[in-house]
Each structure stands twice: as C-alpha cells, then as structure tokens.
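Structure for the following, please:
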Amino acid sequence: MHRKVYLKTWGCQMNHYDSSKILNYLKLNNNIIVDNYIDSDLIILNTCTIRKKSEYKFFNFLEKLRILKNNNNNLIICVCGCLSTQEKENIFLRNNLVDIICGPQSIHKLNKLIYKFIKYKKKIIDIKSYKIDKNIINKKDFNFNNIKLNTYVSIMEGCNKFCSYCIVPFTRGSEVSRSPEKIIEEVCYLSKQNIYEINLLGQNVNSYSGIFSNGKLCSFSNLLNLISKIDNIKRIRFTTSNPFNFNNDIINSYKYIDKIVSYLHLPVQSGSNKILKLMNRKYSIEFYKELVNKILNVRPNMIFSTDFIVGFPGESEKDFLLTLDLINELKFDHSYIFMYSPRPGTKSYYMKDNVSLIEKKRRFKEIKNLIDNNIIYWNKKMLYNKYKILVEGFSKKNSKFLFGRTENNRKVYFLGDKNLLGKLIYIKINDISNKNYLYGNL
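Predicted coordinates:
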C-alpha cells in the first residue's frame, strides 16, 4: 500500500539533509509526498533537541495530531531526529500517539520499520548508530525535474568535542567520517546532474578524517583538493567548522583552490575567554582572532559569519560587552544567535542558570542589532562593485529577473535570460535597499 506522507523538520542543516534523504527513501516505495498533514496517512516528524524551544514545538505540534489520529486508525506517526536518541522510549510515555521512533543513523531503515509496524501493530524503536549507512548512494535519491544547481553532501557526522552546553555528542554520537571514495562518487554523479555548487556538511567538517580503500588517511584539506578537481563543480562551500580544528592545511587550501568561496561560517559562541572555558570550547579569543587573520592573509576578501550563545551560566555584563567588542572588531556578516537553554545530560545543565530570560532577550537583541548593522556595512561596500555569482534560477515575483549568489552568500537579482542558468557571471551591484538581497546589472 502506497501512503501519503507528510514530513515536518526542526533544527539544523543536517536535520534538513536527513529529511531530504527520508523523502527519497520513501519515494523509492512510490509513496506520495503531501504538503498538509491533514491529507496524510503517514506523518514523519524530524526533531531537534539542541534547544528546549525546539522540543516544546515538537510536543505541541504532536498534540495537534490527536484528533486526526483518533479519527484514522491507519495513520502512522513516526518520530526521527536527535530527540529520538535523547528521549528514546520516553517519547512513547510522553505521548501515546507515536508509533515509530527512529534515530538519525537509522533513517535508511524507515521503509522496513513502517512495514514491520503495519504487519505486527506494535510500537517500534530503532536508534542504533554504528556507521553512516544512510549515505549509501542510490541514483533514485536525486530528482532533477526542477532547476537545482546546488546541494548539500554529508561528509561526516557526530562530534567528539563535548562543549558543555551541547547535546550533539549524545544524540548524533562520536565523529564518523564517510569514505572519501564514496563522497567523490556522489559529487561526480551530482556534477553530471546540473549540480555546480557543493556544500559539504558535518557537525565539524574540518575534523573530517576519512579512510581510503587502501587504508590511507584522507584529511579535510585532501578532500577539498579532490573535489576541486571535478570539472563541473564550480563552487565549494562547507559548514560547520570548529576553530580548534582549523589547521594550516585547511587555511592553505584557500591559497590553491579558487573554487572554495570567500565566505566562512566560523562559530565563536562568546567574546569572553572565561565563558569559552566554561563552554569547553578549547580555544581562546586570541587564538580565534589569530586564526581569522591567518585566513585573511591568504584570502583578503574573506567574510565571516558566526554563532553566539547569550546568557550562558556565569556570563556577566563584562563578558557580554567583550562579545560586543569582538563583533565590532571582526565585523561578522550574519550570525545565528541563541539564548542559552540547559539540556539534560550536558555539563552546563548542572551549572546555575543565573541570567534571567529578560536579560537574555536584551543581550540577544543587542547582538542582533550589531550584526544587522554589519550586514548593511558589507552591503555598502558592495555597492557599484562587480561580483561573480552563480546563476541559480528565476525570481518568483518577476520571471524577467534571474537570481544568483555572490561568494559572500548575497542573493542578487538581475535582468537576464535562461541561457545564463548554471553559469558563473559578473554582476555590478546597483541597489542595496534590501538588507537580505541586492539588485545588479550584467
């Protein structure tokens, strides 16, 4: 029986990547994907537990499904993602609507788990994570009926850093790197299917340590070099990087590999050494600044985005002001900003959460305002200058306009025809009135 599937995703790029895999696995069994959960008979909820707010959103949404479930005995509800490995059987106890619990490393088994549930009508949990089987290439994974010029490729998963606030090592497990041959095989296939830009994905991509079939080690810089030699791949991005693992080999890659964009997401989390130590981030602000300068020496036009956590236990006003100083000094272009929330099982969970919610919101707003000013600062520097963009598609609002992205991730709209799709072209920026996207001319 083919089912109508609704999938909802919370969380990071890795979760969204997993969701794309889930949909592809389900399509292999000719299931139909629907946009409204009311029309479905299989609901998959891909969860996040990095923040308490995501957990609340999930359980609130789950409760919305109660009437639907009561009225449809054939409706199957499956919970995937990090919350599955964090809460395990507790999800069944907290909400009896759930039929299947599936961990991030078990999503490739989903069709079998659904079949098993239909056959035996017993709740199922599978959260085992021995290796990254979910990334086995299947050409049916990819659907290029629509224009699509860029995509994510997962190269590793998990984390060994154990930052004191982070649940990822417990939910995604320790670091596991994919075989470099499998990654290259996937990228080569994608490059023949109109994919011109690859975004390498992992919890900590620069700690990638793959093993060739001959037993030799492949570092992240080695992998970047191998991917850069694939002709049709015109751009390489990667996320996310930990400053601690950003070694000289990776820095030198910017000197020799033009395909790597001049835009780097480099999470710092705080501008205070005291807070970084409490977070167990394993680097100092001095180390971080030196790293930024080393990268700029190799690639002077590099622009950085970052992450911040505000209101971490013990963060004083002085610590917060140090963070503002860092933002002003390094002129970060965009940032993910999070208000600290304690996660069970992490070291910081046992620290006193002494910063009030009101204070966290104030600090959040101050950082956001500074970052917004930085975005405007970088936009002004772009005005009347020319930038290379990869043409990605047509504007949804006006089909006469095409759009593409600059290396520093700005979306630019311009007049052009479909022959430019997939090409790297130069655009002169002539309008920066919108903070989030720009206008230009060929």
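
CA only for contacts and neighbour counts going forward, please
Fine.

Tell me which helix or strand Phe304 sits in.
Element membership for Phe304, per DSSP states H and E: strand 303-310.

got the angle between the helix or strand that comes right after that strand and strand 303-310?
Using DSSP H and E, the helix or strand that follows strand 303-310 in sequence is helix 317-330. Relative orientation of helix 317-330 versus strand 303-310 (axes from the mean of the first three to the mean of the last three C-alpha atoms, to 10 degrees): 170 degrees.

Number the chain from 18, please
From this message on, residue numbering opens at 18, which makes the last subject helix 334-347.

Give me the packing partners of helix 334-347, helices and strands only.
helix 374-399 (3 or more C-alpha pairs under 8 Å, 6 or more residues apart in numbering; DSSP states H and E).

following the helix it packs on, which helix or strand shows up next?
strand 403-411.

thinking again about what came up before, could you dump the strand holding Phe321 to PDB, C-alpha only?
Taking C-alpha atoms only, strand 320-327 is exported to PDB below (Å, rounded to 0.1, in the frame of the first residue of the first chain):
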ATOM      1  CA  ILE A 320      34.000  37.500   5.100                       C
ATOM      2  CA  PHE A 321      32.900  35.600   8.200                       C
ATOM      3  CA  SER A 322      29.600  34.600   9.800                       C
ATOM      4  CA  THR A 323      29.400  33.000  13.200                       C
ATOM      5  CA  ASP A 324      27.300  31.700  16.200                       C
ATOM      6  CA  PHE A 325      26.700  33.300  19.600                       C
ATOM      7  CA  ILE A 326      25.100  31.900  22.700                       C
ATOM      8  CA  VAL A 327      23.800  34.700  25.100                       C
END
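
Around the closest residue to Ile320 other than its chain neighbours, how many other residues sit close by?
Distances taken as C-alpha to C-alpha, 6 or more residues apart in numbering place Tyr280 nearest to Ile320, at 4.9 Å, with adjacent residues excluded. Look at Tyr280: counted by other C-alpha atoms under 10 Å, it has 19 neighbours.

and if you look at Ile320?
Ile320 has 23 nearby residues by other C-alpha under 10 Å.

Ile449 now?
19.

is it true that the residue nearest to Ile320 touches Arg316?
No: judged on C-alpha atoms under 8 Å, Tyr280 makes no contact with Arg316 at a distance of 9.8 Å.

average pLDDT for the strand holding Phe321?
Mean pLDDT, strand 320-327: 97.

One more: stretch 350-358?
95.

Repeat that for stretch 46-59.
88.

likewise stretch 204-214?
91.

Now it - C-alpha only, PDB.
Taking Å, rounded to 0.1, in the frame of the first residue of the first chain, the C-alpha atoms of stretch 204-214 are listed here in PDB:
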ATOM      1  CA  VAL A 204      29.900  14.500  -6.000                       C
ATOM      2  CA  CYS A 205      30.900  13.200  -9.500                       C
ATOM      3  CA  TYR A 206      27.300  11.900 -10.000                       C
ATOM      4  CA  LEU A 207      25.800  15.200  -8.900                       C
ATOM      5  CA  SER A 208      28.200  17.200 -11.100                       C
ATOM      6  CA  LYS A 209      26.700  15.400 -14.100                       C
ATOM      7  CA  GLN A 210      23.100  16.300 -13.000                       C
ATOM      8  CA  ASN A 211      23.400  20.100 -13.200                       C
ATOM      9  CA  ILE A 212      24.800  20.500  -9.700                       C
ATOM     10  CA  TYR A 213      27.500  23.200  -9.800                       C
ATOM     11  CA  GLU A 214      27.900  24.100  -6.200                       C
END
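
Poorly predicted segments of the stretch 318-459 of the chain, please.
Within the stretch 318-459 of the chain, not a single segment meets pLDDT under 70.

got the buried residues for stretch 105-116?
105, 108-109, 114-116 (16 or more other C-alpha atoms under 10 Å).

can you pull out the helices in the stretch 168-317 of the chain?
Using DSSP state H, counting those that start in this stretch, the helices assigned to the stretch 168-317 of the chain run over residues 185-188, 197-208, 237-245, 265-273, 290-296, 302-315.

Mind listing residues that contact the shortest one?
It refers to helix 185-188. 67, 99-103, 175-179 (C-alpha atoms under 8 Å, 6 or more residues apart in numbering).

repeat that for 6 Å
99, 102-103, 175-176 (C-alpha atoms under 6 Å, 6 or more residues apart in numbering).

Just name the closest of those to Leu407, please.
Leu407 lies nearest to Gly175 out of these, by C-alpha to C-alpha, at 31.0 Å.

quick one: the closest one and Asn128, what's the gap?
24 Å (C-alpha to C-alpha, to the nearest Å).

So if I had to pick from these two, which one is more boxed in?
Legend: neighbour count by other C-alpha under 10 Å for Gly175 and Asn128, higher for Gly175 (19 against 15).

What residues does the closest residue to Arg189 other than its chain neighbours make contact with?
Residue nearest to Arg189 in three dimensions, not counting chain neighbours: Gly175, with 4.8 Å by C-alpha to C-alpha, 6+ apart. Going by C-alpha under 6 Å, 6+ apart, Gly175 touches 186, 189-192, 220.

how about stretch 404-412: buried residues?
404-411.

Can you give me the first-to-last residue distance of stretch 115-132?
16 Å.

does His282 have beta-bridge partners, and which?
Beta-bridge pairing of His282 under DSSP bridges involves Ser322.

ok, back up a step: switch the helices of the stretch 168-317 of the chain over to JSON lines; also include distance to Phe325 and mean neighbour count.
Output for the helices of the stretch 168-317 of the chain, formatted as JSON lines (distance: least, C-alpha to C-alpha, whole Å; neighbours: other C-alpha atoms under 10 Å):
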{"stretch": "helix 185-188", "distance to Phe325": "17", "mean neighbour count": "21"}
{"stretch": "helix 197-208", "distance to Phe325": "31", "mean neighbour count": "19"}
{"stretch": "helix 237-245", "distance to Phe325": "25", "mean neighbour count": "19"}
{"stretch": "helix 265-273", "distance to Phe325": "23", "mean neighbour count": "16"}
{"stretch": "helix 290-296", "distance to Phe325": "11", "mean neighbour count": "18"}
{"stretch": "helix 302-315", "distance to Phe325": "13", "mean neighbour count": "16"}
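
mean pLDDT for those helices: which is lowest?
helix 185-188 (a mean of 87).

roughly how far out does it sit from the chain middle?
15 Å (C-alpha atoms, centre = their mean, to the nearest Å).

in the stretch 118-267 of the chain, what spans have low per-residue confidence?
Using pLDDT under 70, the stretch 118-267 of the chain drops low at 146-165.

Return the per-residue confidence for the nearest residue to Phe321 once chain neighbours are set aside.
Nearest residue to Phe321, sequence neighbours excluded (C-alpha to C-alpha, 6+ apart): Leu281, at 5.0 Å. The model reports Leu281 with a pLDDT of 97.
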